[in-house]
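Colleague: Fold the following, please.
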Amino acid sequence: MKILVLGAGAIGGYYGARLIEAGADVSFLVRPARAKALQAHGLVVHSELGNFRRQVNTPGPDGVKADYSLILLACKAYDLDSAMAAIAPAAGPSTGILPFVNGLSVYDRLDARFGKARVLGGAAYIATMLDSAGDIHHYGANDVVIAGARSEEMRALARDFHSLIAATPGVRSLADDVEQVLWDKWVMVATGALMTCLMRGTVGDIMATREGGALMARAMAECRGVAAAAGRELAPDVVARMESRLLDRASDWAASMARDIAHGVARLEADDIVGDMAARAALAGLDAPLTRAAYCHLQVYENRQAASKPQPV
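Modeller: Numbers count the residues shown, from 1 in each chain. Presented below is the predicted three-dimensional model:
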């Protein structure tokens, strides 16, 4: 299978490396500085599941042709417009597009640009980070990928991709109803993000307070309510996993947006992860005060960053 990966960051680089190990013909469409670094040092992954260090193919924009079976899209939601423009020359009439991007609004935008028939669904549960040297670090051994077709046209490609990724270490699943998988992940991610960002602490920090458990439960109920209103109520086992993670008093987990805030990162995925949840709650006539408060908090942060104002202590 010939695959184009947009970017060679923490997610795209990691899974691109695993797909190379599985025998795929993988190229990385990256910015010039990243291409230069990859040409000099190769793509480097540090992982309990196996390290990776190889030279990889990085065609420039002029070297990309519409002959790929699959485009793996791993970017921040706020970069989606530029990402779609970058991959457009590589998207032939039968090319599938598989996003590993948080939120559901990204699918609306991809469907509008390329057609729903060509956009697969995917969810990755993994902790990775790109360091200052450009190496990718995988923390722990958890690595779960769930993918599936959102149209009949992509079912064969989804099966082929699953066969390929299943040859790599980790838990790999081919979903019959990948739309539900996307909702399941978004509800968990949005709940964790709105709470750890709003409270500026980890799950354990929140649970150690007098009202933390009750507020976390309220946040889960708000986000689950949005899913249920859309006909995507979470199954009991999915709810149990979410509660196990988000009500864990010993957890040091915080959403990536919360970590970004702690490091003063200017741009966040606030609109697509929390803002879209608040908007869908409003459209469904649901009261979601915690979700709305968290989104307001994130907008204030981003507005102050854009204006280069110092954040309050």
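
Colleague: Return the residue of this protein that is most distant from the centre.
Modeller: Using C-alpha atoms, centre = their mean, the residue of the chain lying farthest from its centre is residue 210. It sits 31.7 Å away.

Colleague: what's that residue sitting at in phi/psi?
Modeller: Main-chain dihedrals, residue 210, degrees, to the nearest 10: phi -60, psi -40.

Colleague: next one: residue 277
Modeller: For residue 277, the backbone dihedrals are phi -60, psi -40 (criterion: degrees, to the nearest 10).

Colleague: Quick check: it vs residue 225, distance?
Modeller: 10 Å (C-beta to C-beta, to the nearest Å). Quick note: C-beta positions are derived from backbone N, CA and C, even for glycine.

Colleague: overlap in contacts of those two?
Modeller: Contact criterion C-beta atoms under 8 Å, 6 or more residues apart in numbering; residues bridging residue 277 and residue 225 by contacting each: residue 288.

Colleague: Go ahead and measure how far the top strand by length along the chain is from the middle of the chain.
Modeller: For the chain, the longest strand by residue count, based on DSSP state E, is strand 136-148. Mean-position distance between strand 136-148 and its chain equals 11 Å (C-alpha atoms, centre = their mean, to the nearest Å).

Colleague: Now do the same contact list for residue 134.
Modeller: By C-beta under 8 Å, 6+ apart, the residues touching residue 134 are 34, 37-38, 41, 44.

Colleague: for these, which one is nearest residue 272?
Modeller: The nearest member of these to residue 272, counting by C-beta to C-beta, is residue 34 at 23.3 Å.

Colleague: Skipping adjacent residues, who's closest to the closest one in space?
Modeller: Leaving aside its chain neighbours, residue 34 sits nearest to residue 8 (6.0 Å; criterion: C-beta to C-beta, 6 or more residues apart in numbering).

Colleague: what's the burial count for that neighbour?
Modeller: The number of residues packed near residue 8 is 26, by other C-beta atoms under 10 Å.

Colleague: can you check the one 3 residues further on too?
Modeller: Neighbourhood size, residue 11 [other C-beta under 10 Å]: 21.

Colleague: residues touching it, list them.
Modeller: Counting by C-beta under 8 Å, 6+ apart, residue 11 has contacts 74, 100, 124, 126, 128.

Colleague: which strands and helices sit next to the host helix or strand of the last one?
Modeller: Assignment of secondary structure by DSSP states H and E places residue 128 within strand 121-130. Secondary structure elements in contact with strand 121-130, counted by 3 or more C-beta pairs under 8 Å, 6 or more residues apart in numbering; DSSP states H and E, are helix 12-21, strand 96-99, strand 136-148, helix 178-199.

Colleague: Adding mean pLDDT and mean neighbour count, write these out as TSV.
Modeller: Formatted as TSV, those follow (pLDDT from 0 to 100; neighbours: other C-beta atoms under 10 Å):
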stretch	mean pLDDT	mean neighbour count
helix 12-21	98	24
strand 96-99	98	25
strand 136-148	95	18
helix 178-199	97	23
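
Colleague: As JSON lines, the ones you listed with distance to residue 303 would be great.
Modeller: Formatted as JSON lines, these follow (distance: least, C-beta to C-beta, whole Å):
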{"stretch": "helix 12-21", "distance to residue 303": "29"}
{"stretch": "strand 96-99", "distance to residue 303": "27"}
{"stretch": "strand 136-148", "distance to residue 303": "32"}
{"stretch": "helix 178-199", "distance to residue 303": "15"}
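
Colleague: Next, the contact list for the nearest residue to residue 121 once chain neighbours are set aside, please.
Modeller: Nearest residue to residue 121, sequence neighbours excluded (C-beta to C-beta, 6+ apart): residue 178, at 3.5 Å. Residues near residue 178 by C-beta under 8 Å, 6+ apart: 120-122, 146-150.

Colleague: rewinding a little: just want to know which of residue 277 and residue 225 has more residues nearby.
Modeller: Neighbours per residue, other C-beta under 10 Å: of residue 277 and residue 225, the larger number sits with residue 277, 29 against 19.

Colleague: Quick check: pLDDT value at that one.
Modeller: pLDDT for residue 277: 98.

Colleague: Residue 77 versus that one, what's the distance?
Modeller: As defined by C-beta to C-beta, residue 277 lies at a distance of 13 Å from residue 77.

Colleague: buried sites along stretch 249-261?
Modeller: Residues 251, 254-258, 260-261 are the ones in stretch 249-261 that count as buried (16 or more other C-beta atoms under 10 Å).
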